[in-house]
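Visitor: Compute the structure for the input listed below.
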Amino acid sequence: MRHTADTITDDDLDALYARADRAEAAIARVRGVATQLEEFAENALRVDDQKLYRTIASDLRAKVDDVPGPAATEATEPAEQH
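Guide: Alright, predicted model coming up:
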């Protein structure tokens, strides 16, 4: 149910704040995973692995921030014609 300022109770408002706090904590954890992936990329032996880890990290951040990441952009760009 969507509440309005006139219909929301204190308990409902508290529940919404708790939900927002949990969502912010989850976003922080996802950003932490993205940072770990970038650290893995620094230590990866293969260049392909480095690119993969960086792309995944970038995509995670893009999804959290609701902007297209490099993989999404590449997937939607028209293929080059030869």
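Visitor: helices and strands of this structure: which one bottoms out on pLDDT?
Guide: Of the helices and strands making up the chain, the lowest-confidence element is helix 70-76, at a mean of 54, by mean pLDDT, DSSP states H and E.
Visitor: give me the number of residues near Y53?
Guide: When neighbours are counted by other C-beta atoms under 10 Å, Y53 registers 20. Backbone N, C-alpha and C define where each C-beta goes, glycine included.
Visitor: before we move on, which element is R29 in?
Guide: helix 10-43 (DSSP states H and E).
Visitor: Please work out the average pLDDT along that helix.
Guide: The average pLDDT for helix 10-43 rounds to 93.
Visitor: Just want the angle from the next helix or strand after that helix to helix 10-43.
Guide: Downstream of helix 10-43, the next assigned helix or strand under DSSP H and E is helix 47-65. Relative orientation of helix 47-65 versus helix 10-43 (axes from the mean of the first three to the mean of the last three C-alpha atoms, to 10 degrees): 160 degrees.
Visitor: buried stuff in helix 47-65?
Guide: Neighbour-count burial for helix 47-65, counted by 16 or more other C-beta atoms under 10 Å, picks out 50, 52-62.
Visitor: any idea which residue sits dead centre in this structure?
Guide: Centroid-nearest residue in the chain, with C-alpha atoms, centre = their mean: V64, separated by 2.6 Å.
Visitor: residues touching that residue, list them.
Guide: By C-beta atoms under 8 Å, 6 or more residues apart in numbering, V64 lies in contact with 27, 30-31.
Visitor: And it, how far from E38?
Guide: Distance from V64 to E38, counting by C-beta to C-beta, to the nearest Å: 14 Å.
Visitor: again with A44
Guide: Taking C-beta to C-beta as the measure, A44 falls 11 Å from E38.
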